[in-house]
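> this one's sequence-less:
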């Protein structure tokens, strides 16, 4: 039986992507520290699930309002320079949270306002960042790069929440926000080191780059004529809408499992443990067969693992369920990103990502509101379990409506004009 050996993933052999990946790894760890500290902070300030869930609404409204415009910006202008502005803005919000917490003057509206500012910056950051990745690696290394991007996000999600609990218990909440501000410096430095990155703007050299309703509509039409991409976005939206219960984790930790803030930190990192493990395996694969069936199976497992989490009465069962949630979600994320980026021309990638951002951010953010309302009415376990069931039903529905996704292998020719 052949032994499994790991090699340096191909995308990391390309210097500029390796630098970019390193910066994202540090920045995402800080971002995850802040996210889970915010949820903990709000739960301690208010004691009500619905107030924690409002964070999801604040984020989603920002994305809904600005995302399409942000995608057009990412296609028309230098994506690296856009990231300079967005990353600097998010660093400023983290500093403000730290100073307000340190002074003892912070109120719930401060958190909502600063979260909204950060969400607006993130709405512009994500299309530029994801569309920049294919500009940093050769086409044959796309799957490796997207697997590594998943590893960066989820490794940060492992270290971030665990460190968040440790820092809160030893140094205080304001230090979590301050440390996150420092991590943005690493990514800003990387953006300087990688230098100019060539990209296609879809217009002749020297022509004006115009942001208009026409350019936004072009991105929407592109998605509507790509059934594999469209169905995967809809699958992502409804699956995460039903199975999003991250904002309920503090209440599971407090009132059901009755664990400490340190154990809450490990539970917060559980999904990312599973996600990184799967992403490491995928980063070694040159080709994945039966991608459509695998994607649908992964989302179904995501729902079943959510049900198991809702039924959990012990720390270790809950941790196992969350690892299972993360592993299945990682498979889905890697497959979806690879398919979309390969089949999308460079000049329209920012708009594709911005439309996708509404789906993959809207699902969990609105889902957090739904989970908070159901938890308020029927209890936390009922909210989580019913969401997992809804996720499984979504897989069945999407399979029936878009059989193209069910039968997608991954070796079909890309649509015309999809060169990177």
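Great, that's in hand. As the structure is a computational prediction, the values presented were derived from the model and not from experiment. Residues are numbered from 1 along each chain as shown.
> now the helix or strand where residue 19 lies: buried residues?
Assigned by DSSP states H and E, residue 19 belongs to helix 15-46. For helix 15-46, the neighbour count (16 or more other Cβ atoms under 10 Å) marks 16-43 as buried. Glycine gets a C-beta too; all of them are placed from N, C-alpha and C.
> low-confidence stretches in the stretch 101-250 of the chain?
Applying pLDDT under 70 to the stretch 101-250 of the chain flags residues 157, 201-212, 245.
> okay, helices next: where are they in it?
Secondary structure of the stretch 101-250 of the chain by DSSP state H, counting those that start in this stretch: the helices cover 108-136, 142-170, 173-193, 213-224, 227-243, 249-251.
> and the closest residue to residue 261 other than its chain neighbours, what is it in contact with?
Nearest residue to residue 261, sequence neighbours excluded (Cβ to Cβ, 6 or more residues apart in numbering): residue 165, at 4.8 Å. The contact partners of residue 165, by Cβ atoms under 8 Å, 6 or more residues apart in numbering, come to 36, 261, 262, 263, 264, 265, 266, 268.
> how far away is the second one from residue 184?
From residue 261 across to residue 184, the span is 25 Å (Cβ to Cβ, to the nearest Å).
> do the same with the fifth one
Summarising the geometry, the distance separating residue 264 from residue 184, computed by Cβ to Cβ, is 25 Å.
> of these two, who's got more company?
More neighbours surround residue 264 than the other of residue 264 and residue 184, with 27 against 23 (other Cβ atoms under 10 Å).
> mean confidence for the helix or strand harbouring that one?
Assigned by DSSP H and E, residue 264 falls within helix 261-283. The pLDDT scores in helix 261-283 average 79.
> stretch 334-346 now?
Stretch 334-346 carries an average pLDDT of 78.
> equivalent analysis for stretch 405-416, please.
For stretch 405-416, mean pLDDT rounds to 69.
> same question, stretch 28-35
The average pLDDT for stretch 28-35 rounds to 85.
> quick one: contacts of that stretch?
90, 94, 97, 152-153, 155-157, 159-161, 163-164, 167, 176-177, 179-184, 272.
> just the buried subset of those, please.
90, 94, 97, 152-153, 155-157, 159-161, 163-164, 167, 176-177, 179-181, 183-184, 272.
> other SSEs contacting the helix holding residue 264?
For helix 261-283, the packing partners by 3 or more Cβ pairs under 8 Å, 6 or more residues apart in numbering; DSSP states H and E come out as helix 15-46, helix 142-170, helix 249-251, helix 315-342.
> tabulate those helices (CSV), appending distance to residue 299.
CSV is the format used below for the helices and strands packed on helix 261-283 (distance: least, Cβ to Cβ, whole Å):
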stretch, distance to residue 299
helix 15-46, 23
helix 142-170, 15
helix 249-251, 21
helix 315-342, 5
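> what's the closest of those to residue 381?
Closest approach to residue 381 among these (Cβ to Cβ): helix 249-251, 10.2 Å.
> list of residues touching that closest one?
Here helix 249-251 makes contact (Cβ under 8 Å, 6+ apart) with 39, 40, 43, 49, 52, 264, 267, 268, 375, 380.
> relative to residue 103, which of the residues you listed is nearest.
Lowest distance from residue 103 to these (Cβ to Cβ) belongs to residue 40, with 18.9 Å.
> gap between that closest one and residue 262?
12 Å.
> with residue 228 instead?
Using Cβ to Cβ, residue 228 is found at 43 Å from residue 262.
> ok, the two, which is more surrounded?
Applying other Cβ under 10 Å to residue 228 and residue 262 shows that residue 228 carries more neighbours, namely 20 against 14.
> gap between that one and residue 160?
Residue 228 sits at a distance of 33 Å from residue 160 (criterion: Cβ to Cβ).
> residue 192: how many residues sit nearby?
Neighbour number of residue 192 under other Cβ under 10 Å is 10.
> correction: the previous question concerned residue 67.
When counting by other Cβ under 10 Å, one arrives at 25 neighbours for residue 67.
> next: residue 349.
Count around residue 349 with other Cβ under 10 Å applied: 28.
> excluding chain neighbours, what is closest to it?
Spatial nearest neighbour of residue 349, excluding adjacent residues (Cβ to Cβ, 6+ apart): residue 131 at 4.0 Å.
> cool, and residue 70?
Closest residue to residue 70 apart from its sequence neighbours, by Cβ to Cβ, 6+ apart: residue 124 at 4.2 Å.
> leaving out chain neighbours, which residue sits closest to residue 112?
Of all residues not flanking residue 112 in the chain, residue 58 sits nearest, at 5.5 Å (Cβ to Cβ, 6+ apart).
> buried ones in stretch 131-148?
Under the neighbour-count criterion of 16+ other Cβ under 10 Å, stretch 131-148 has 131-137, 141-148 buried.
> what's the first-to-last distance across it?
Stretch 131-148 has its terminal residues 15 Å apart, counting by Cα to Cα, to the nearest Å.
> let the chain start at 210 from now.
Shifting the count to begin at 210 puts that one at stretch 340-357.
> residue 266: how many residues sit nearby?
Residue 266 is flanked by 16 other residues according to other Cβ under 10 Å.
> so how far is residue 270 from the nearest residue to residue 402 once chain neighbours are set aside?
Excluding the flanking residues, the one nearest residue 402 by Cβ to Cβ, 6+ apart is residue 228, at 5.5 Å. The gap separating residue 228 from residue 270 is 34 Å, by Cβ to Cβ.
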